[in-house]
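Colleague: model this:
(chains A and B)
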2 protein chains.
Amino acid sequence: MSGGADARSEGRRIAVLLEYDGTAYRGSQYQENGPSIQSELESALRNLTGDVVRVSFAGRTDAGVHALGQVAAFDTSSRLAPPEFVTGLNHFLAPDVAVRDARVVGAEFDPRRDARGRLYRYRIANRAVRPALDRGRAWHVPKPLDVPATQRAAQALEGPHDFAAFAGAYEGRTTRTVERCEVSERCDGGVVVEMEAKSFLPHQVRRTVGPLVEVGLGRMTQEELVALLEAARPASAGPAAPAGGLYLVRVAYDGPVFGSGDWNGRD
Amino acid sequence: MSGGADARSEGRRIAVLLEYDGTAYRGSQYQENGPSIQSELESALRNLTGDVVRVSFAGRTDAGVHALGQVAAFDTSSRLAPPEFVTGLNHFLAPDVAVRDARVVGAEFDPRRDARGRLYRYRIANRAVRPALDRGRAWHVPKPLDVPATQRAAQALEGPHDFAAFAGAYEGRTTRTVERCEVSERCDGGVVVEMEAKSFLPHQVRRTVGPLVEVGLGRMTQEELVALLEAARPASAGPAAPAGGLYLVRVAYDGPVFGSGDWNGRD
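Modeller: Numbering: from 1, shown residues only, chains lettered A, B, ... in the order given. The predicted model follows:
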C-alpha cells in the first residue's frame, strides 16, 4: 500500500523562511557552547516528524544577530504538506523563532550556494538615552550623527571593491560587489543602514557600520574611509558594530522560492 | 555652611519621562507578587541619592504593558541636576527601563491629576504566523482584518460617551471623551490603534481594541458595537486585548513639562 507510490515524497527537500530574535542564541549555526537557531530548528523537526536531519542556512548569522527572512533547507521523509510544516514547527519552536513559510524545493536546492542576493539591515538608536524597548535590537549611539555625511560615505562603498579592510579574518578572495549601501533616517530618531550584495565577507555589514558611524560622529572623514577601502589591509577599518543591531532581512534566488517577487519574504 | 542656602533644594520635586518594556513587570504600580516599574525606579533612586521616596505615575499600566512616555514624579533632597538624574538613574535602572528626561517641577505637580491628555497605542501583528521579534510587543491576530471596517467602527467610538461597556469593573462615572480613536495600517502588515483622551477608564484601551478586532474579523457589526456602547452595560463589549500590545505613548500637561510642544516625549 505505502512505499512505492510515496517513494518520491521520501526524498523531499523543504525550504523554510525564518524569523528570529537572535538575543538568546549563539548564532544560526550549531555551536558547542550554547543554543543555536540550527539546534532549535533541528529539535523542532525531530519533535514534529521524528526525522533526525541536518539543516542548512542561506546566511550564517552571529550570536545576537536577528533575522526577518533567513532561509533554511532540509530533507525529510515526512508526508506533511508545507503549511503543516509551518504550523507544526511553530508549535515546537521557542517563541523567539518562527517559521513564516515553507515550500518544497528541488533536491539540489542549496540555500547558501544558490542565493543570488542578500539584504541586511542595521538599526542604530541615535538618541541621548539608552533605549529600553530596543535593547539588544539596535546599537545605541548617544551622540547625534551627521546622517548626510554617513549617506555620502556609504555611497562611496557601493560597487565592486576589495573589502578586506571591512571584514574579519578571511582566507580567500575579498572582492565583493555591494549593490546598495544606504543610510536612512527614521522619524523616531532611528538611523538604518541597509546593505545588499550577492554575498558578503564575514562580519562585513557590522564592520562597515562601525566606520560609517565614525564618519557620522566626525571622527573619520570620508577620504580616510575611502583610503582604508583602497589600501585593503585586512580588518583595518576598525571594530565591528554590535551584533544586536543587525537583521538578515531577505535572501533572493533566481526563481521565486517563497511567493513571487525578486525578494523573498516581507519586512 | 550647608542647610540654609540650600533649604530650597530640599523640597524639590522632579518629574521624569520613562520608557519601559513591561514584559517582566507586574505593572507600573507597586505589587506584592513581583517587580513593578515603581519598585524598580524607587530602588534606583535609593541607590543614586540615598532617598527613600514614593514615586507617583501619570498613568497606571498593567502587567506586560509598555511605555514610551510614562511620566513619574518624586520629591528629593538630592542636589543633583536634572541631567544627572537621567544619567544616574539609567545607570542603576534595569536595561528594560530607561529615563528619557528629567525636569524640576513645582511642588504641587501631580503627574496623574494634572494630566490633560493621554495617548495610547495598541499594536496588532496581523499575519498568519506568530511574530518572533514582536512576541510580547504586539497582539498576534492571524486572520486578515478588514481594516476599513475597524476604522469606521473606531470613529463611532470618538466623542463623549458612557464607556461602561468598554471598561473593567469601575465604581464611578463612566463617561469619558475619546478625542481620537484611529486605526492605521503599517507597511509591515502591522495594524495600529491609537486612542487619545484626557483620561481613560480601567482597561478601556484594551477593551476597545478587543471588540474592534471582532469587527475587523467580521464577527461583530458596527451596529452591534454601537448598540453595546449605547446600552452601556458594564464590561459587556467582550474581553480585553492582551497587555503586550499596549503602549502608553505620551502624557500632556497644560504647560510643557519636557521640552516644548503639546505632547511630551517623542515616539
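
Colleague: Let me see the ranges of the strands in the stretch 101-250 of chain A.
Modeller: Assigned strands in the stretch 101-250 of chain A, in chain order: A:117-125, A:139-140, A:159-162, A:175-185, A:190-197, A:246-252 (criterion: DSSP state E, counting those that start in this stretch).

Colleague: The third one: how far from the chain's middle?
Modeller: When C-alpha coordinates are averaged (C-alpha atoms, centre = their mean, to the nearest Å), strand A:159-162 and its chain have centres 20 Å apart.

Colleague: what's the closest of the strands of the stretch 101-250 of chain A to chain B?
Modeller: strand A:246-252 (8.5 Å; C-beta to the nearest C-beta). Bear in mind the C-beta positions are built from the backbone N, C-alpha and C, glycine included.

Colleague: how about the residues of the stretch 1-150 of chain A near chain B?
Modeller: Within the stretch 1-150 of chain A, the positions near chain B by C-beta under 8 Å from any C-beta of the partner chain are A:19-21, A:66, A:68, A:86, A:90, A:95-101, A:128-133, A:135, A:137.

Colleague: would you list the strands of the stretch 101-250 of chain A in a markdown table and tack on mean neighbour count?
Modeller: Below are the strands of the stretch 101-250 of chain A laid out as a markdown table (neighbours: other C-beta atoms under 10 Å in any protein chain shown):
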| stretch | mean neighbour count |
| --- | --- |
| strand A:117-125 | 22 |
| strand A:139-140 | 20 |
| strand A:159-162 | 14 |
| strand A:175-185 | 17 |
| strand A:190-197 | 21 |
| strand A:246-252 | 26 |
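
Colleague: Would you mind reformatting those strands (as JSON lines) and adding columns for mean pLDDT while you're at it?
Modeller: Rendered in JSON lines, the data for those read as follows (pLDDT from 0 to 100):
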{"stretch": "strand A:117-125", "mean pLDDT": "97"}
{"stretch": "strand A:139-140", "mean pLDDT": "98"}
{"stretch": "strand A:159-162", "mean pLDDT": "98"}
{"stretch": "strand A:175-185", "mean pLDDT": "97"}
{"stretch": "strand A:190-197", "mean pLDDT": "97"}
{"stretch": "strand A:246-252", "mean pLDDT": "96"}
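
Colleague: can you pull out the helices in chain A?
Modeller: Along chain A, the stretches classed as helices by DSSP state H are A:7-10, A:37-49, A:82-92, A:147-156, A:204-216, A:222-231.

Colleague: Tell me the confidence at the nearest residue to A:Gln222 once chain neighbours are set aside?
Modeller: The spatially closest residue to A:Gln222, leaving aside those adjacent along the chain, is A:Ala153, at 4.6 Å (C-beta to C-beta, 6 or more residues apart in numbering or on different chains). The confidence metric pLDDT takes the value 98 at A:Ala153.

Colleague: Break chain A into its domains for me.
Modeller: A:10-114, A:117-247 (automatic domain parsing).

Colleague: Near the residue in the stretch 101-250 of chain A positioned nearest to chain B, how many residues? Count them for me, please.
Modeller: Proximity to chain B, evaluated over the stretch 101-250 of chain A using C-beta to the nearest C-beta, is greatest for A:Ala132 at 4.0 Å. Other residues near A:Ala132 come to 23 when the count uses other C-beta atoms under 10 Å in any protein chain shown.

Colleague: In this model B:Leu89 seems to touch it, though I could be wrong.
Modeller: No. Applying C-beta atoms under 8 Å, one finds A:Ala132 not in contact with B:Leu89, separated by 11.8 Å.

Colleague: would you list the helices of chain A in TSV and tack on mean neighbour count and distance to B:Ile124?
Modeller: Supplementary listing: those in TSV, determined by neighbours: other C-beta atoms under 10 Å in any protein chain shown; distance: least, C-beta to C-beta, whole Å:
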stretch	mean neighbour count	distance to B:Ile124
helix A:7-10	10	37
helix A:37-49	20	26
helix A:82-92	17	18
helix A:147-156	18	31
helix A:204-216	25	31
helix A:222-231	15	42
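
Colleague: Go through these and find the least confident stretch.
Modeller: Set side by side, the helices of chain A differ in mean pLDDT, and helix A:7-10 is lowest with a mean of 46.

Colleague: B:Glu230 is nearest to which of the strands of the stretch 101-250 of chain A?
Modeller: Counting by C-beta to C-beta, B:Glu230 lies closest to strand A:190-197 out of those; the figure is 42.8 Å.
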